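Student: Here is a sequence with its predicted model. Questions after.
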Amino acid sequence: MMQPARNENPCAAAPTPGVSARQIFIGRQPIFDRDLQVYGYELLFRDGKANSAEVLDGDQATAQTLVNGIMDFGLEQVVGNRLAFVNLTRGFLLDQGRLPAMQTRLVLEVLEDISPDAEILAALQQLAARGYTIALDDFTYREELLPLVRSAQIIKLDLPQIGIEALPTHVERLRPYGLRLLAEKVETHEQFELCKSLGIDYFQGFFLSRPVTLARKRLPANKLAVLQILAKLQEPNTGIGDLERLISTDVSLSYRILRFVNSVQFATGRQIDNIRRAIVMTGLSQIRTWVSLIMLSKLDDKPTELIRIALVRARLCELLSKRLALASPETCATAGLFSTLDALLDQPLAEILSSLPLNSEIASALLEGRGRIGEVLQCALACERGDWEAASRLGLAEQVLSSTCLEAIGWAEANSRALGE
């Protein structure tokens with residue numbers, strides 16, 4: 001773990017004076033391969049803009065590093081398509097339910113003060129079986145640590161602790177285990193060249209790159225919850241059972257969904273009294289849209305007019321896609337709905353979308369207006385501002401566009417009442 005001081009272990013600290021409680025920070029330092037290409041980044045706990053942090057509570061800071069790096073910033077924004085190295089305390093190793101299911105993206109670093117007792121060794125076996133990569137942090141060779149060595153895939157060699165003279169012996173002792181070796185705290189060109197000559201695989205340290213601190217505003221708690229649910233709704237493998245469980249955990253959401261599907265729009269002559277039947281009746285695509293709308297309508301610091309606009313855009317995009325005989329009216333409705341997320345969540349749209357598992361077609365439509373879905377969305381926005389010349393570029397007559405727009409507005413008004421807005 002290459003950091004300016006030993007208290008750089010990602011552990012919690014009181015907020016830095018003068019730093020807004022709505023600001024969040026995370027540090028990152030690149031890890032390079034032998035060709036000096038970035039292999040991954042170590043994520044570092046930060047409590048302010050300074051490139052260091054005071055250690056108080058390891059579990060809390062590990063949790064904060066994971067939340068900030070994965071949820072608030074978005075892992076794609078912090079590390080791109082590289083790996084994220086995260087220090088784990090003993091508590092996190094033993095309570096694996098707190099770890100995000102991102103096995104292919106995370107390298108779990110076992111801190112140097114964790115003893116290789118039976119509980120820890122069993123936990124590492126479970127994590128490896130689940131697909132996580134295990135690294136030993138700040139490692140210096142000792143016989144009693146061999147059980148940990150056998151559980152790891154990467155060893156981070158602490159150059160100052162080992163000493164340059166003893167480094168070749170450490171490498172020689174570890175080679176038989178088939179591990180990848182990472183030299184950390186590489187601070188000079190001579191150290192780097194020596195590590196390369198010994199066949200070390202990865203490098204981290206001030207000689208190559210110092211850590212940088214990233215900062216941004218934190219989403220308020222209710223907006224963060226909305227974003228989490230939106231992300232779950234958009235996961236391609238989310239099925240009926242998943243949606244049923246998600247909706248059923250929120251009494252208000254369950255009530256509003258049941259009230260809505262029993263409204264005149266879905267009248268079938270008999271009462272729908274459970275969430276599973278409501279999902280089956282409306283279909284997965286439709287229920288995703290409605291749950292998204294209801295969750296967005298729960299943002300208590302936003303005017304209801306924004307929700308109405310979201311409803312109109314979603315419906316207008318859906319209707320336009322049907323007029324044009326496109327194969328994905330529900331996808332177009334999602335694009336219309338999500339085009340208001342930046343206003344509803346007070347974040348740039350690109351940052352929000354990086355946290356949602358949307359397909360590239362929707363993302364490019366929202367961000368760049370590209371593709372057929374993008375054209376439909378641009379048409380809807382042109383209708384919204386009364387620019388019929390721009391709206392007509394899709395080939396629909398102004399009269400058709402006008403009537404479609406009025407139909408979407410009427411539908412939105414009726415459904416706003418059904419949603420309780």
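Tutor: Thanks, I have it.

Student: And the helices in the stretch 151-300 of the chain?
Tutor: Ranges of helices within the stretch 151-300 of the chain are 159-162, 167-174, 189-197, 221-234, 240-248, 251-261, 275-282, 284-297, based on DSSP state H, counting those that start in this stretch.

Student: if we compare those, which one ends up closest to L36?
Tutor: L36 lies closest, by CB to CB, to one member of the helices of the stretch 151-300 of the chain: helix 189-197, at 9.5 Å. No exception for glycine: its C-beta is placed from N, CA and C like everyone else's.

Student: Check which residues of the closest one are buried.
Tutor: Applying a neighbour-count criterion of 16 or more other CB atoms under 10 Å, the buried positions in helix 189-197 are 191-192, 194-195.

Student: All the strands of this structure, in order from the start?
Tutor: Residue ranges of the strands in the chain, as given by DSSP state E, are 23-33, 38-45, 83-88, 106-110, 133-139, 154-158, 180-184, 202-204, 212-217.

Student: re earlier: and P348, which of the helices of the stretch 151-300 of the chain is closest to it?
Tutor: Taking CB to CB as the measure, these were each checked against P348, and helix 221-234 came out nearest at 13.3 Å.

Student: before we move on, back to that, for the helices of the stretch 151-300 of the chain, which one ends up most surrounded?
Tutor: For the helices of the stretch 151-300 of the chain, average neighbour numbers computed from mean count of other CB atoms under 10 Å are highest in helix 284-297, which has a mean of 20.

Student: what packs against that helix?
Tutor: Contact here means 3 or more CB pairs under 8 Å, 6 or more residues apart in numbering; DSSP states H and E; on that basis helix 284-297 packs against helix 221-234, helix 240-248, helix 251-261, helix 275-282, helix 304-323, helix 329-338.

Student: Reformat those helices as TSV; add mean pLDDT and distance to D138.
Tutor: TSV is the format used below for the helices and strands packed on helix 284-297 (pLDDT from 0 to 100; distance: least, CB to CB, whole Å):
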stretch	mean pLDDT	distance to D138
helix 221-234	66	33
helix 240-248	80	40
helix 251-261	71	46
helix 275-282	81	50
helix 304-323	86	50
helix 329-338	84	44
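
Student: Now for A335, how many residues are close by?
Tutor: Here the number of neighbours of A335 (other CB atoms under 10 Å) works out to 26.

Student: So it sits against R372, correct?
Tutor: No: under the criterion of CB atoms under 8 Å, A335 is not in contact with R372, lying 10.4 Å apart.

Student: just to revisit the earlier point, okay, the helices of the stretch 151-300 of the chain in TSV with distance to I309 next?
Tutor: Listed next are those as TSV, based on distance: least, CB to CB, whole Å:
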stretch	distance to I309
helix 159-162	57
helix 167-174	60
helix 189-197	56
helix 221-234	17
helix 240-248	24
helix 251-261	19
helix 275-282	22
helix 284-297	11
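
Student: Looking at these, spot the one closest to L136.
Tutor: Where the helices of the stretch 151-300 of the chain are weighed against each other on CB to CB, the nearest is helix 167-174, at 10.0 Å.

Student: per the record, what domains does this structure have?
Tutor: Here the chain is described, according to automatic domain parsing, as comprising the domains 6-217, 221-418.

Student: Quick one: distance of the shortest one to the chain centre.
Tutor: What that stands for is domain 221-418. In terms of CA atoms, centre = their mean, to the nearest Å, the centre of domain 221-418 is found 21 Å from the chain centre.

Student: quick one: low-confidence parts of the stretch 151-300 of the chain?
Tutor: 215-228, 231, 234-236, 251-252, 255-256, 259-260, 262-270, 297-300 (pLDDT under 70).

Student: make it 90
Tutor: Judged against pLDDT under 90, the low-scoring parts of the stretch 151-300 of the chain cover residues 206-300.

Student: Likewise for the stretch 1-150 of the chain?
Tutor: 1-29, 35-36, 43-81, 84, 86-106, 111-117, 130-131, 138-145.

Student: can you give me the helices in it?
Tutor: Taking DSSP H, counting those that start in this stretch as the criterion, the stretch 1-150 of the chain contains helices spanning 58-66, 75-79, 90-94, 118-129, 146-151.

Student: how about these, which one is nearest Q103?
Tutor: Among these, if distance is taken as CB to CB, the winner is helix 118-129, at 8.7 Å.

Student: So which bits of that closest one are buried?
Tutor: 120, 123-124, 127-128.

Student: what's the answer for stretch 394-408, then?
Tutor: Residues of stretch 394-408 classed as buried by neighbour count (16+ other CB under 10 Å): 394, 396, 401, 404-405, 408.
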